[in-house]
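**Q** quick one, what's the 3D model for this:
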Amino acid sequence: MKFAVTLPFLDAPPNPAFLSGSAIAALGQCAEEVGFDAAALTDHPAPGERWRQAGGHDALDPFVGLAFVAAATRQLRLLTCLVVLPYRNPFLLAKSAASLDVLSDGRLELGLGAGYQKREFAALGVDFDSRNELVDEALRLLPRIWSGEPVTHQGLHHDAVDVTSRPRPAQLPHPPLWLGGNSRLTCRRVVDHGTGWMPLPNPAATAAALRSPALETVDDLSRLLDWCRSYAQSVGRPPPSEVMFSLPPLRTQTSDEELQIHLDLIEQYRAIGVTWLNLELHAQSVAAAQDLLVRYSAVVRAGQSHRPEPTTP
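**A** Numbers count the residues shown, from 1 in each chain. I've put the predicted structure just below:
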């Protein structure tokens with residue numbers, strides 16, 4: 001089991017304590033030192049005010065923020081959780097991803113999704129109803145761009161004639177790709193393109209607003225993974241070998257007893273084939289965030305070191 005931590009940019013407005021290069025560096029260094037495998041940042045370039053006031057959050061540009069993490073660490077993976085594919089021209093996305101991967105010596109984990117916020121799509125000049133076509137187009141096009149060979153492509157919003165993108169990513173043929181979402185369409189994309197999968201916790205109360213099936217329990221996730229494996233078998237392709245899911249948020253007031261509860265939850269996820277867990281970090285200061293990471297490692301990760309790895313379903 002591997003562990004990622006989403007850095008504490010999950011408020012609106014963002015906490016000024018974390019808005020500096022030194023703060024990002026300190027959080028990345030601490031995560032690496034206590035044994036986390038990746039640091040993650042989200043992607044909301046133009047969130048609507050209604051969503052922000054209803055519990056949404058602001059965000060750094062994930063590629064810029066993770067570049068600061070990369071500069072302060074040596075082994076920590078850099079996870080976008082997740083970049084909304086339709087927001088970005090595939091050539092610009094490929095350039096940002098390849099640049100971060102090269103400058104970090106090959107540490108990018110590129111999480112991607114279709115998006116759901118209509119106001120954000122409108123602000124960015126992207127047709128919301130075309131988002132699935134844009135996702136499918138980008139998934140076909142990105143590997144061609146990263147090949148470093150000339151690309152000619154007529155797209156929904158752009159035409160490329162004999163263009164070449166260099167440098168190539170450090171990880172060849174490209175960084176690991178993850179697709180986020182709970183729909184069967186996402187599952188089919190995961191299988192068809194051979195990516196990792198990020199099913200997302202989603203209470204039934206918000207399922208309609210998020211335009212994604214509800215996913216509230218371990219049993220819900222297990223059924224979703226079973227469906228995906230069945231689909232993979234039906235089309236003669238391997239099921240996803242990497243599956244990432246989110247743990248309950250870690251907050252300053254979280255007790256050691258509550259952290260112990262994570263052990264049982266983590267074991268349940270391991271048993272159904274989850275290979276990565278992502279923890280949302282909520283804190284009011286850099287020092288408090290570092291303390292949470294240290295406590296989490298001591299209580300939860302140490303407990304996991306004594307448990308054998310399960311056989312992958």
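**Q** list the contacts for the most centrally placed residue in the chain?
**A** Note on the chain: the residue nearest the mean C-alpha position is residue 81, at 2.3 Å, using CA atoms, centre = their mean. The neighbours of residue 81, taking CB atoms under 8 Å, 6 or more residues apart in numbering as the test, are 4, 6, 40, 41, 42, 111, 180, 198, 278. Just so you know, the C-beta spots here come from the backbone N, C-alpha and C atoms, and that holds for glycine as well.
**Q** now do residue 198
**A** Shown in contact with residue 198 (CB under 8 Å, 6+ apart): 81, 82, 111, 113, 178, 179, 180, 181, 243, 244, 245, 278.
**Q** so the third one touches residue 84, yeah?
**A** The reference is to residue 111. No. With contact defined as CB atoms under 8 Å, residue 111 does not count as touching residue 84 (10.2 Å).
**Q** stretch 140-151: how far from the chain's middle?
**A** 22 Å (CA atoms, centre = their mean, to the nearest Å).
**Q** first vs last residue of it, how far apart are they?
**A** 12 Å (CA to CA, to the nearest Å).
**Q** what pLDDT, on average, does that stretch get?
**A** In this model, stretch 140-151 carries a mean pLDDT of 97.
**Q** and what of stretch 231-246?
**A** On average, stretch 231-246 scores 96.
**Q** residue contacts, residue 119?
**A** When contacts are counted by CB under 8 Å, 6+ apart, residue 119 touches 46, 47, 48, 50, 51.
**Q** gap between the closest residue to the first one other than its chain neighbours and residue 238?
**A** Setting aside the residues directly before and after it, residue 46 is nearest to residue 123 in space (CB to CB, 6 or more residues apart in numbering), at 3.9 Å. For residue 123, the distance to residue 238 equals 39 Å [CB to CB, to the nearest Å].
**Q** neighbour count for those two, which is higher?
**A** Neighbour tally, residue 123 and residue 238, criterion other CB atoms under 10 Å: the higher count belongs to residue 123, 14 against 10.
**Q** distance of the more buried one from residue 115?
**A** 12 Å.
**Q** do the same with residue 263
**A** Using CB to CB, one obtains 34 Å as the distance from residue 263 to residue 115.
**Q** next one: residue 246
**A** 18 Å.
**Q** these two: which has the busier surroundings?
**A** residue 115 (25 against 19).
**Q** now the helices for this structure?
**A** Taking DSSP state H, the helices of the chain run over residues 21-33, 49-53, 62-72, 90-103, 118-123, 131-146, 184-193, 207-210, 218-234, 256-271, 286-296, 302-304.
**Q** in strands only, show me the contacts of residue 198.
**A** 81, 82, 111, 113, 178, 179, 180, 244, 245, 278 (DSSP state E).
**Q** gap between the first one and residue 112?
**A** In this structure, residue 81 and residue 112 are separated by 10 Å, where distance is defined by CB to CB.
**Q** joint contacts of the two?
**A** By CB under 8 Å, 6+ apart, the residues touching both residue 81 and residue 112 are residue 180.
**Q** just among the contacts of residue 81, which is most surrounded?
**A** Neighbour max across the contacts of residue 81 (other CB under 10 Å) = residue 40, 29 neighbours.
**Q** quick check: buried residues in stretch 54-63?
**A** 56, 57, 59, 60, 62, 63 (16 or more other CB atoms under 10 Å).
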